[in-house]
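**Student:** My questions are about this predicted structure, shown below with the sequence.
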Amino acid sequence: MDERMRDEQTNLADDDEEASLTFTTPLPDRRLSRGDKITRGAVTGGIVLLALVVVLVMSGAHLALSLPESATPLPVSAPYTIQGYAPIQLARGDWQQIALPAPSANIFSYAVDPTHPGHIVLCTAGLAKPVAIWSTQDSGQHWTSLPFPQVIALYCSLSLAVDDPSIVLAQAGNPIDEITACSSALFFLSADQGQNWRQIPHTSIAPADSQGDCSAWATKHHLFIETDYNAGAGAPYKTLLERSDDGGQSWQRADVPAHQPAWVNIAQLGDGETLLADILPQGNSLTATSNPQLLISHNAGTVWSSFSAVLVGGPHLLVSPFASAANQSTPSVFYTVSGDEIPALLYRIQVAMSGPYLAGPLPPLPVPGASAIRTGLTDLLGVLPDGRLLAFGADPVKGLATDSAPFLTQKHQWLWLWDPAQQRWESFPTPLPSAWPDQCDALCWYAQLSSGVGPNNARGTYLYLMGWGAAEHPLYRVFLPEG
């Protein structure tokens with residue numbers, strides 16, 4: 001988020017010019033032959049992933065969506081519809097570029113309906129610009145501006161409730177003006193796909209003079225705000241988790257128990273009630289020897305319990321958005337990332353797994369030059385409903401360079417899938433037609449998954465991807481049939 005704000009300040013002149021943009025002239029045709037949340041900085045490298053198989057239990061209470069009115073109601077922008085900016089090109093087996101309502105350099109966040117791939121929402125923001133939220137029901141062929149309150153903010157973010165995608169949660173703020181972590185954040189909730197909004201009253205509970213950021217998400221019955229902060233230079237990071245069961249009228253703590261300062265990664269499962277938490281006790285840095293622990297809550301953070309023995313964990317937790325306690329006959333696979341904060345471009349992401357298929361480290365990519373140390377992986381993207389891990393990695397033919405150059409030598413990324421049942425890596429036939437994001441060295445791709453029907457009525461999952469960096473990066477998607 002900080003990097004995107006720096007880019008906004010650098011490109012202020014460009015922003016002013018783009019404010020008068022019209023949409024009658026599409027971008028050049030780029031025929032092609034993947035909202036939480038955004039990761040907290042560039043953290044991967046020297047990485048180990050652990051996958052756990054679990055059967056989950058569902059519970060919950062009712063959320064009152066009749067939110068209280070804001071103390072000072074904000075004027076609302078008028079909605080209108082436009083054609084997509086650079087229409088989507090559809091081709092079986094290829095990457096597809098999604099039409100956008102504005103240049104992607106202005107887009108701060110997007111979210112895809114997990115069960116309806118054509119439904120996408122995104123938001124734009126910037127210096128001296130009101131936040132704008134857009135929605136499409138036809139994969140970007142047409143976009144409608146949503147009647148959002150007129151708020152000026154440096155950033156915005158969006159998420160759809162995992163168990164009811166008609167619920168949209170928006171966040172906006174100006175962190176450079178904050179005197180306490182999350183003190184500038186404003187939250188807005190819609191229960192009807194963004195047609196009507198209510199501001200959620202919230203006051204940051206982070207300590208005075210703390211620094212950090214916060215993220216919010218909703219389920220059908222709860223609202224959550226997670227704040228990650230430190231109390232000064234060199235101080236360890238801590239995590240606060242709050243929950244509201246009455247649409248934001250009141251809040252209670254749902255913190256994960258930790259006996260020392262800890263950075264906690266929290267993942268919401270698709271049933272809306274189950275949370276996983278990866279606790280990283282730390283001094284001043286994250287290391288593979290931080291003695292982390294994985295916890296689980298079946299009641300939205302009211303009670304936490306140990307999910308397993310102490311594991312090697314780390315600063316990123318991958319959970320399939322389709323994981324749900326409602327289907328106990330199909331266990332889900334989860335991956336946690338661990339290791340020192342070194343760039344993923346070193347090809348040193350390492351994968352291990354425990355479960356019914358394999359115990360121990362996964363093999364490196366089957367490409368020239370790969371080894372147990374340089375596995376050939378560059379980024380981790382998500383988990384499919386059947387437990388397959390999605391990752392970016394080296395060219396399946398050229399492989400890794402033989403020299404010891406630390407940074408990436410290829411501009412384009414190849415999609416790889418780890419199949420836990422077959423115990424093998426598989427590569428997609430064509431690379432993503434977009435170069436690695438500028439000024440970004442790890443965890444540079446924001447991925448979303450949506451299950452639905454693809455070409456020839458095949459069932460499967462769409463992977464959506466947008467790169468974060470200084471340059472403009474379009475939104476892409478690719479269809480992955482069921483395994």
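**Tutor:** Yep, it's here.

**Student:** State the helix or strand in which Trp418 lies.
**Tutor:** In the assignment (DSSP states H and E), Trp418 maps to strand 414-419.

**Student:** cool, Gly247 as well?
**Tutor:** Under DSSP H and E, no helix or strand contains Gly247.

**Student:** Excluding residues flanking it in the chain, which one is nearest Pro114?
**Tutor:** Using CB to CB, 6 or more residues apart in numbering and skipping the chain neighbours, the partner closest in space to Pro114 is Pro321 (5.0 Å). C-beta: built from backbone N, CA, C; applies to glycine.

**Student:** dump the residue contacts of the one you found.
**Tutor:** Pro114, Val162, Gly270, Gly382, Leu449 (CB atoms under 8 Å, 6 or more residues apart in numbering).

**Student:** Under a three-state scheme, what state does Ser157 occupy?
**Tutor:** strand (DSSP: H, G, I helix; E, B strand; the rest coil).

**Student:** still on that earlier bit, what residues does the strand holding Trp418 touch?
**Tutor:** Strand 414-419 is touched from outside by 351, 362, 365, 377, 381, 384, 388-396, 424-428, 431-432, 463, 478, 480, 483, with contacts defined as CB under 8 Å, 6+ apart.

**Student:** what pairs with the nearest residue to Leu389 once chain neighbours are set aside across the strands?
**Tutor:** The shortest distance from Leu389 to any non-neighbouring residue, by CB to CB, 6+ apart, is to Trp418 (4.2 Å). Legend: beta-bridge partners of Trp418 under DSSP bridges are Leu389, Trp425.

**Student:** How about Leu465?
**Tutor:** Beta bridges link Leu465 to Ala447, Tyr476, judged by DSSP bridges.

**Student:** Now do the same contact list for it.
**Tutor:** Shown in contact with Leu465 (CB under 8 Å, 6+ apart): Arg34, Leu381, Leu432, Trp445, Tyr446, Ala447, Leu475, Tyr476, Arg477, Val478.

**Student:** now, among the residues you listed, which is nearest to Ala401?
**Tutor:** The nearest member of the contacts of Leu465 to Ala401, counting by CB to CB, is Leu432 at 19.5 Å.

**Student:** host element of that closest one?
**Tutor:** Secondary structure (DSSP H and E) places Leu432 outside all helices and strands.

**Student:** and the nearest residue to it once chain neighbours are set aside, how many neighbours?
**Tutor:** What sits nearest to Leu432 in space, not counting adjacent residues and going by CB to CB, 6+ apart, is Gln413, at 5.0 Å. When neighbours are counted by other CB atoms under 10 Å, Gln413 registers 25.

**Student:** Ok, Leu417 next?
**Tutor:** Using other CB under 10 Å, Leu417 has 18 other residues around it.

**Student:** repeat for Glu482
**Tutor:** By the criterion of other CB under 10 Å, Glu482 has 13 neighbours.

**Student:** buried sites along stretch 447-464?
**Tutor:** Applying a neighbour-count criterion of 16 or more other CB atoms under 10 Å, one finds Ala447, Gln448, Leu449, Ser450, Ser451, Gly452, Gly454, Gly460, Thr461, Tyr462, Leu463, Tyr464 buried in stretch 447-464.

**Student:** What's the separation between the nearest residue to Asp255 once chain neighbours are set aside and Pro437?
**Tutor:** With CB to CB, 6+ apart as the criterion, Asp255 has its nearest non-adjacent residue at 5.2 Å, and that residue is Leu241. Distance, Leu241 to Pro437, by CB to CB, to the nearest Å: 30 Å.

**Student:** Parallel or antiparallel, list what pairs with the helix or strand containing Ala111.
**Tutor:** Element membership for Ala111 (DSSP H and E) is strand 107-112. Strand 107-112 pairs in its sheet with strand 120-126 (antiparallel), by DSSP bridges.

**Student:** And the strands in the stretch 101-250 of the chain?
**Tutor:** 107-112, 120-126, 129-136, 142-145, 155-161, 164-173, 186-190, 198-200, 211-218, 223-230, 238-244 (DSSP state E, counting those that start in this stretch).

**Student:** Any chance of JSON lines for those strands, columns distance to Pro257 and mean pLDDT?
**Tutor:** As requested, the strands of the stretch 101-250 of the chain are exported to JSON lines (distance: least, CB to CB, whole Å; pLDDT from 0 to 100):
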{"stretch": "strand 107-112", "distance to Pro257": "30", "mean pLDDT": "93"}
{"stretch": "strand 120-126", "distance to Pro257": "34", "mean pLDDT": "92"}
{"stretch": "strand 129-136", "distance to Pro257": "36", "mean pLDDT": "92"}
{"stretch": "strand 142-145", "distance to Pro257": "44", "mean pLDDT": "92"}
{"stretch": "strand 155-161", "distance to Pro257": "25", "mean pLDDT": "93"}
{"stretch": "strand 164-173", "distance to Pro257": "26", "mean pLDDT": "95"}
{"stretch": "strand 186-190", "distance to Pro257": "26", "mean pLDDT": "96"}
{"stretch": "strand 198-200", "distance to Pro257": "26", "mean pLDDT": "95"}
{"stretch": "strand 211-218", "distance to Pro257": "20", "mean pLDDT": "92"}
{"stretch": "strand 223-230", "distance to Pro257": "15", "mean pLDDT": "93"}
{"stretch": "strand 238-244", "distance to Pro257": "11", "mean pLDDT": "93"}
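
**Student:** To Ser371, which of those lies closest?
**Tutor:** Of all the strands of the stretch 101-250 of the chain, strand 223-230 sits nearest to Ser371, with 34.3 Å by CB to CB.

**Student:** got a list of contacts for the closest one?
**Tutor:** Residues outside strand 223-230 that contact it (CB under 8 Å, 6+ apart): 40, 63, 169, 181-182, 187, 189, 200, 202, 204-207, 210-218, 236-244, 247-248, 251, 254, 263, 266, 268, 300-301.

**Student:** circling back: relative to Thr203, how far out is the residue nearest to Asp255?
**Tutor:** Distance of Leu241 to Thr203, given as CB to CB: 16 Å.

**Student:** all helices in this protein, in order from the N-terminus.
**Tutor:** Secondary structure of the chain (DSSP state H): helices at 2-10, 12-18.
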